[in-house]
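K.L.:
after the sequence you'll find the predicted model.
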Amino acid sequence: MFELFETFDVDVGDVRIHGRIGGHGPGLLLLHGHPQTHVIWHRIADRLAAHFTVVATDLRGYGSSSKPRGTPNHSNYSKRTMAADQVAAMASLGFPQFKLLAHDRGARVGHRMCVDHASAVERAMFLDIAPTLDMYEQTDRQFAAAYFHWFFLIQPFPFPEQLIEANPTAYIDGVMGNRHAGLAPFADEALAAYRQALACPGTAHGMCEDYRAAYSIDLVHDRDDRQQGRKVKCPLRILWGKHGVIESLFDPLTLWRSCAHQVDGHAIDCGHYLAEEAPETLLAEALDFLVD
């Protein structure tokens, strides 16, 4: 995996961000989702590197990036803070402006990045999410059952951390394997990396703090954006799996058009994990949208 890449660690404020960098050309930042790491991009990263300098990072709290203890109001895991990490990391690598491809939690960081750092993000593609505020406000029985982890992970410290740390492999396999395609789409090496990462000290806590922030301070920021009329300014493409929860329970294009000025997108024939379930389709979409 990542044959054309080198690993790096860069200090940004109070944390160190880990990632891989490879290729030549304009900067492209890849952000992963839950409960994974930057390894999700292993099937397309080398081919993207023919067109971009590709930077694939681990979010704060995940993988080999720093995992600080959460603050009482969870602000150090707010998407505002996590977005600032990534913008600073890209700037330190020589990319004050860049394009963005982000999945799941990484796309939530990306949403905040596009609003708070509009001059940095030239174009963005978000994978299999609707806006966080809308998803919470439209929660029903079906959503709560399908995304049970949204409500488990926000429980007070240390209850969810203790349960995850007791058997991190069971958590990875249960959460990822209980979706459309089971564990079949995941390469053995990638799945081993996700299991290993979650077993590292502090990862369960960082992951929980990400969700605790999403349930609290992130909603404050999102509501303030809407009250002030702040939207994503750059061109935005939304893709989602037609066999997933976003397709069945939400209207993602309508919801994103209330949060962004220029939006297009559609469902593709897969479940939640687009980069690993439908890499060829995703690569074609990314090149179509992101290459100048």
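P.N.:
Perfect, thanks for sending it. Numbering: from 1, shown residues only.
K.L.:
tell me the buried residues in the regular element (helix or strand) spanning His18?
P.N.:
Per DSSP states H and E: His18 is located in strand 15-23. Within strand 15-23, the residues that qualify as buried are 15-23, counting by 16 or more other C-beta atoms under 10 Å. Any C-beta I mention is one placed from the backbone N, CA and C, and that applies to glycine too.
K.L.:
out of those, who's nearest Ile246?
P.N.:
Distances from those to Ile246 were compared by C-beta to C-beta; the smallest belongs to Gly19, at 26.5 Å.
K.L.:
near the nearest residue to that closest one once chain neighbours are set aside, how many other residues are there?
P.N.:
On the basis of C-beta to C-beta, 6 or more residues apart in numbering, the spatially nearest residue to Gly19 that is not a chain neighbour turns out to be Thr57, at 3.5 Å. For Thr57, the number of neighbouring residues by other C-beta atoms under 10 Å comes to 28.
K.L.:
ok, the closest residue to Gly265 other than its chain neighbours - contacts?
P.N.:
The shortest distance from Gly265 to any residue other than its chain neighbours is 3.4 Å, reached at Ile238 (C-beta to C-beta, 6+ apart). Residues near Ile238 by C-beta atoms under 8 Å, 6 or more residues apart in numbering: 125-126, 252-253, 256, 263-265.
K.L.:
among those, who's most crowded?
P.N.:
Within the contacts of Ile238, neighbour counts (other C-beta under 10 Å) peak at Phe126, which reaches 30 neighbours.
K.L.:
which of the three states applies to it?
P.N.:
Using DSSP: H, G, I helix; E, B strand; the rest coil, the structure places Phe126 in strand.
K.L.:
which ones are touching the nearest residue to it once chain neighbours are set aside?
P.N.:
Counting by C-beta to C-beta, 6+ apart, Phe126 lies nearest to Ala107, which is 3.9 Å off, once chain neighbours are set aside. The neighbourhood of Ala107, defined by C-beta under 8 Å, 6+ apart, consists of 31, 33, 126-129.
K.L.:
quick check: the farthest pair among these?
P.N.:
Longest span within the contacts of Ala107, C-beta to C-beta: Leu31 and Asp128, 12.8 Å.
K.L.:
need the residues touching each of the two.
P.N.:
Between them, Leu31 and Asp128 share these contacting residues under C-beta under 8 Å, 6+ apart: 103, 107.
K.L.:
of the two, which one has the most company?
P.N.:
In this view Leu31 and Asp128 are compared by other C-beta under 10 Å, and Leu31 has more residues nearby, 31 against 25.
K.L.:
quick one, helices of the stretch 1-150 of the chain?
P.N.:
Secondary structure of the stretch 1-150 of the chain (DSSP state H, counting those that start in this stretch): helices at 45-48, 79-92, 105-116, 132-137, 141-146, 148-152.
K.L.:
identify all contacting residues around the longest one.
P.N.:
Think helix 79-92. Taking contacts as C-beta under 8 Å, 6+ apart, the residues outside helix 79-92 that touch it are 10, 12-13, 15, 17, 19, 27, 29, 31, 55, 57, 59-60, 75, 96, 98, 108-113, 116-117, 120, 132, 210, 213-214, 217-218, 221.
K.L.:
and for the shortest one?
P.N.:
Residues lying outside helix 45-48 but in contact with it, judged by C-beta under 8 Å, 6+ apart, are 1-5, 20, 22-23, 28, 30, 41, 54, 56, 101, 283, 286-287.
K.L.:
which of those residues are buried?
P.N.:
Using 16+ other C-beta under 10 Å, the buried members of those are 2, 4-5, 20, 22-23, 28, 30, 41, 54, 56, 101, 283, 286.
K.L.:
so can I have TSV of these showing pLDDT and distance to Leu191?
P.N.:
Listed next are the buried ones among the contacts of helix 45-48 as TSV, based on pLDDT from 0 to 100; distance: C-beta to C-beta, whole Å:
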residue	pLDDT	distance to Leu191
Phe2	95	16
Leu4	91	22
Phe5	98	20
Arg20	98	18
Gly22	98	22
Gly23	98	25
Leu28	99	25
Leu30	99	19
Trp41	98	15
Val54	98	22
Ala56	98	17
Leu101	99	21
Leu283	98	21
Ala286	98	23
